[in-house]
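[1] need a 3D model of the sequence below.
(one chain, ligands or ions: 1)
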Amino acid sequence: MTRLPGRLVLLGHPVAHSLSPAFQNAALRAAGLATEYEALDVAPADLAATLDALRRAQAAGNVTIPHKAAMLAACAEITGVARRAGAVNTFWTRDDGTLAGDNTDVAGVEAAVRALLPSLPDRADVAVLGAGGAAAAVLTAAGAWGGGALRLWSRRPEAARSLAERFPGVAMASESEVAAVRGAALVVNATPVGMRDDAQPCPVEWLDPGATVLDLVYRRGETPWVLAARGRGHAAADGLGMLLEQGALSFERWFGLAPDRAAMRASVA
Ligand code: NAP
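    Coordinates of the predicted model:
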């Protein structure tokens, strides 16, 4: 961006549960910026009108469920990574009043993997559970890892097949969940399972002894799957690291400076 945004918003439906306002406002305060980051609950039918108003206000912000794909269509300029992921989670208004979109979820996934593993999975198999937007971000990141097989499983096999087809040479749909997980060095949960109850995306007994677990779900006290995997000696992390990093990278897009990541983390500790 060439000037400060007139408004800074999160567009989603619902958004009340989001941690983004807490850590983005912590970053803004740490940077001495007076802007306030606001969560806007926008129903899909109201997105176009909301975007018109935001364009006029020279706004920037984040986009979450269910608007990430619609935002891709609404932006006049899209980064290559957003196009590959099929989703925009970060936007800003250009000087000519049109919107530009990027996707920082992809780099957020990669940062979460780097924090868990000594190096990115190279010639090691990866399993991804789920075939929605978060899985697409993982597949986009994995396209640069190279090497091993990426097995994608979804409860609707056609969803896994159609997502895998968007990433030829990167991912293949798995016949069964257990076949996806067995032999994988990294197993990623990209479903909402475990967000609100004690359900787990797959039994930890299926994991190879050295497997690492990345749960993109986050909640207070970590997720049941992360706790169960760690209890069996696996390296495991929930989605909070990814969430904070995608937010930090969005902040960099809007303001051209790195936020205080420690202040962001402390605000949601
Ligand atoms: P999405 O586009 O709605 O996709 C969800 C996927 O999970 C779909 O494949 C869906 O299958 C599957 N699924 C839903 N409920 C399931 C269940 N009970 N059992 C098995 N599979 C199930 O959502 P998303 O954007 O990919 O997000 C998925 C989750 O990732 C979110 O709930 C969130 O917790 C997490 N996430 C975290 C971050 C982060 O920064 N940490 C960022 C994005 C997302 P169907 O198509 O059959 O419904």
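[2] show me the helices in the stretch 101-250 of the chain, by range?
    Under the criterion DSSP state H, counting those that start in this stretch, helices of the stretch 101-250 of the chain are mapped to 105-116, 133-142, 157-165, 177-181, 224-231, 240-255.
[3] quickly compare these and say which is most buried.
    Of those, the one with the most neighbours on average (mean count of other C-beta atoms under 10 Å) is helix 133-142, at a mean of 26. C-beta: built from backbone N, CA, C; applies to glycine.
[4] hmm, that one in reach of the ligand?
    Yes. Contact between helix 133-142 and the ligand, assessed by C-beta under 6 Å from any ligand atom, occurs at 133-135.
[5] packing partners of that helix?
    Applying 3 or more C-beta pairs under 8 Å, 6 or more residues apart in numbering; DSSP states H and E, one finds that helix 133-142 contacts helix 80-85, helix 105-116, strand 126-129, strand 150-153, helix 157-165.
[6] do you know the pLDDT at the residue of the stretch 51-200 of the chain found nearest the ligand?
    With C-beta to the nearest ligand atom as the measure, G132 is the residue of the stretch 51-200 of the chain nearest to the ligand, at 1.9 Å. For G132, the pLDDT comes out at 94.
[7] same list (the helices and strands packed on helix 133-142) but as a markdown table, adding distance to the ligand.
    Formatted as a markdown table, these follow (distance: least, C-beta to the nearest ligand atom, whole Å):
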| stretch | distance to the ligand |
| --- | --- |
| helix 80-85 | 11 |
| helix 105-116 | 6 |
| strand 126-129 | 7 |
| strand 150-153 | 9 |
| helix 157-165 | 5 |
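[8] make a markdown table out of those and add mean pLDDT.
    Putting these into a markdown table (pLDDT from 0 to 100) gives the following:
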| stretch | mean pLDDT |
| --- | --- |
| helix 80-85 | 97 |
| helix 105-116 | 97 |
| strand 126-129 | 97 |
| strand 150-153 | 97 |
| helix 157-165 | 97 |
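[9] can the ones you listed go into a markdown table with extra columns for distance to A184?
    Formatted as a markdown table, these follow (distance: least, C-beta to C-beta, whole Å):
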| stretch | distance to A184 |
| --- | --- |
| helix 80-85 | 22 |
| helix 105-116 | 13 |
| strand 126-129 | 4 |
| strand 150-153 | 7 |
| helix 157-165 | 15 |
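[10] centre of the chain to stretch 29-38, how far?
    Here the centre of stretch 29-38 is set off from its chain's centre by 23 Å, with C-alpha atoms, centre = their mean, to the nearest Å.
[11] who in the stretch 101-250 of the chain is up against the ligand?
    105, 108, 130-135, 154-156, 159, 190-193, 195, 216-218, 239, 242-243, 246.
[12] rerun that using 8 Å as the cut-off
    105, 108, 112, 129-137, 154-156, 159-160, 189-193, 195, 199, 201, 216-218, 238-243, 246 (C-beta under 8 Å from any ligand atom).
[13] from memory S18 sits against V9, does it?
    No. Applying C-beta atoms under 8 Å, one finds S18 not in contact with V9, separated by 11.3 Å.
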